[in-house]
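> Make a model of this:
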Amino acid sequence: MKTPWKAAATLAAALLLVLPGGVAARAASTPYTKTPVAGSLRSYPVSAVYVAGVSSGGYMATQLQVAYSARIRGAAIFAAGPYYCAQNNVSQALYGCGDNLYPTHVATLESYTRTWASYGWVDGTGNLAGQPVYVYHGGNDGTVKKSVTDDLVRYYQDFGASVRYDSGSAAGHSWVTPYGTVGCTATASPFLADCGTDPQGAFLGKLLGSVAAPNTGPLGGTLIRFGQDTFATNGWANGLSMDANGFAYVPSTCAAGTTCRLLVALHGCAQGYAKVGTAFVDRANLNQYADTNRLIVLYPQAVASGVNPNGCWDWWGYLGATNYPIKGGAQVETIMNMVRRLDG
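Numbers count the residues shown, from 1 in each chain. Below is the predicted model:
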């Protein structure tokens, strides 16, 4: 299938980091899904915060970690490239951070990071030293070339992060999960691929230090559907190309007051609720691990808009602000407001 990265360099194509595919069906139910319950986010005893994401969600995950490295203690990135790769430029996003026809200049991106840290626009880069990072790239990913993800690995390593790089899979451009609904090599909606492996166990083991086996029976926690307007920097999530509602999975042990960790999980383009329902929330293989590892999972939701027709996260400045990858960036701060509520 021809991906949008190969399409003409129109705005709609450039906005992708991206996931091609057409209208997706709602995810079929499984024995392990939870029906969302309307509610609100509240505070829990949280000992550490981590972030994970795929594609545009992978870029947003890196933005969150770099901007708030004193608070976010590790990251898992699928199918994405280095921090500030797009440099507020659609053409660079399209041709540098996908096909890698334009060089990403990792040293330049690192220089920006250090300079912004000196201004206080992002946390000190010393926080990244020793932080656990898991990076995944599939061999059939034609949307983000391996050389781009190699640059992500180099970026983290140059700041001293402890990186595990999983690049041996045949996966397409997708979040790989045992609950995937497309074949391993496919790049197709809902971009949840089954490669017969469990990357979530691998990356949670990396981030948390150790990981208990997932719950393979009925989930014991609560999937909360909450309003995102409360956390939006402008009071209106849709105005930030974010959905009216987000989701959070809270295991029963966490709800009862046990100290837990928090994972922010960021979907890719065309993978949010408005496009594929709760497919990512249900099938990312995170709630299963959450139940047995005292882990709350936050699922913020992006949505399509005039400037963002594919429901991507803002990793190239589509909202028109140059501060999108740093503290004060509209989506960065909106997500961090959710983290602050959950983290007390």
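
> What residues does the residue nearest to residue 257 when sequence neighbours are not counted make contact with?
Leaving aside its chain neighbours, residue 257 sits nearest to residue 45 (6.6 Å; criterion: C-beta to C-beta, 6 or more residues apart in numbering). (Each C-beta comes from the backbone N, C-alpha and C, glycine too.) For residue 45, the contact set (C-beta atoms under 8 Å, 6 or more residues apart in numbering) comprises 257, 258, 259, 260, 344.

> same check, this time on residue 206
Per C-beta under 8 Å, 6+ apart, neighbours of residue 206: 74, 76, 132, 133, 134, 164.

> how deep is the closest residue in space to residue 222 that isn't next to it in sequence tucked in, by neighbour count?
For residue 222, ignoring the flanking residues on the chain, the nearest one in space by C-beta to C-beta, 6+ apart is residue 250 at 5.3 Å. Per other C-beta atoms under 10 Å, the neighbour tally for residue 250 reads 24.

> Pretty sure residue 250 sits against residue 44.
Yes. Using C-beta atoms under 8 Å, residue 250 is in contact with residue 44, at 7.4 Å.

> Flag the shaky bits of the stretch 1-150 of the chain, pLDDT-wise.
Residue ranges of the stretch 1-150 of the chain with pLDDT under 70: 1-32.

> those strands in the stretch 101-250 of the chain, which residues are they?
Using DSSP state E, counting those that start in this stretch, the strands assigned to the stretch 101-250 of the chain run over residues 132-138, 162-169, 175-176, 182-183, 192-194, 222-227, 245-250.

> from those, which stretch is densest packed?
Among these, strand 175-176 has the highest mean neighbour count (mean count of other C-beta atoms under 10 Å), at a mean of 30.

> Can you list the neighbours in contact with that strand?
Residues outside strand 175-176 that contact it (C-beta under 8 Å, 6+ apart): 54, 78-79, 136, 138, 169, 184, 191-195, 197, 199, 267-268, 271, 280, 284.

> if we can go back for a sec, return a ChimeraX selection command for the buried portion of the contacts of residue 45.
In ChimeraX, a selection of the buried entries from the contacts of residue 45 looks like this (16 or more other C-beta atoms under 10 Å):
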select :260
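
> Greatest separation within the contacts of residue 45: which pair is it?
258 and 344 (14.0 Å; C-beta to C-beta).

> quick one on the thing from earlier: okay, the residue nearest to residue 222 and residue 37: tell me how far apart.
Per C-beta to C-beta, to the nearest Å, residue 250 is found 10 Å from residue 37.

> Pull the contacting residues for residue 318.
If a contact means C-beta under 8 Å, 6+ apart, then residue 318 has 15, 241, 307, 308, 312 as its contacts.

> Now the second one: phi and psi?
Spelled out, that is residue 241. Here is the backbone geometry of residue 241 (degrees, to the nearest 10): phi 60, psi 40.

> Does it touch residue 303 like I think?
Yes. Assessed by C-beta under 8 Å, residue 241 is found in contact with residue 303 at 6.1 Å.

> hey, what's in contact with both of these two?
Counting by C-beta under 8 Å, 6+ apart, the contacts common to residue 241 and residue 303 are residue 311.

> before we move on, the earlier item: would JSON lines of the contacts of residue 206 with distance to residue 86 be doable?
Conversion of those to JSON lines gives the following (distance: C-beta to C-beta, whole Å):
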{"residue": "74", "distance to residue 86": "23"}
{"residue": "76", "distance to residue 86": "21"}
{"residue": "132", "distance to residue 86": "25"}
{"residue": "133", "distance to residue 86": "20"}
{"residue": "134", "distance to residue 86": "22"}
{"residue": "164", "distance to residue 86": "25"}
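
> Which one of the contacts of residue 45 is nearest to residue 208?
Among the contacts of residue 45, residue 260 lies closest to residue 208 (C-beta to C-beta), at 11.1 Å.

> is it true that that closest one touches residue 44?
Yes. Judged on C-beta under 8 Å, residue 260 makes contact with residue 44 at a distance of 6.1 Å.

> what do those two both touch?
Going by C-beta under 8 Å, 6+ apart, residues that sit against residue 260 and also against residue 44 are 254, 296.

> and the residue nearest to residue 204 when sequence neighbours are not counted, how far is that from residue 221?
The spatially closest residue to residue 204, leaving aside those adjacent along the chain, is residue 211, at 4.5 Å (C-beta to C-beta, 6+ apart). As judged by C-beta to C-beta, residue 211 and residue 221 stand 17 Å apart.

> These two: who's more crowded?
Higher neighbour count among residue 211 and residue 221: residue 221, with 21 against 18, using other C-beta under 10 Å.

> one step back: can you lay out the strands of the stretch 101-250 of the chain as CSV showing distance to residue 126?
Shown next, in CSV, are the strands of the stretch 101-250 of the chain (distance: least, C-beta to C-beta, whole Å):
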stretch, distance to residue 126
strand 132-138, 15
strand 162-169, 14
strand 175-176, 31
strand 182-183, 41
strand 192-194, 36
strand 222-227, 34
strand 245-250, 31
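
> looking at these, which is closest to residue 104?
The closest of the strands of the stretch 101-250 of the chain to residue 104 is strand 132-138. By C-beta to C-beta, the value is 14.4 Å.

> how about the residue located most distally from the centre of the chain, what does it touch?
Here the centre of the chain is the reference, and by C-alpha atoms, centre = their mean the most remote residue is residue 256, at 27.4 Å. Residue 256 makes no contacts at all, as judged by C-beta under 8 Å, 6+ apart.

> And it, what's its pLDDT?
On pLDDT, residue 256 comes in at 97.
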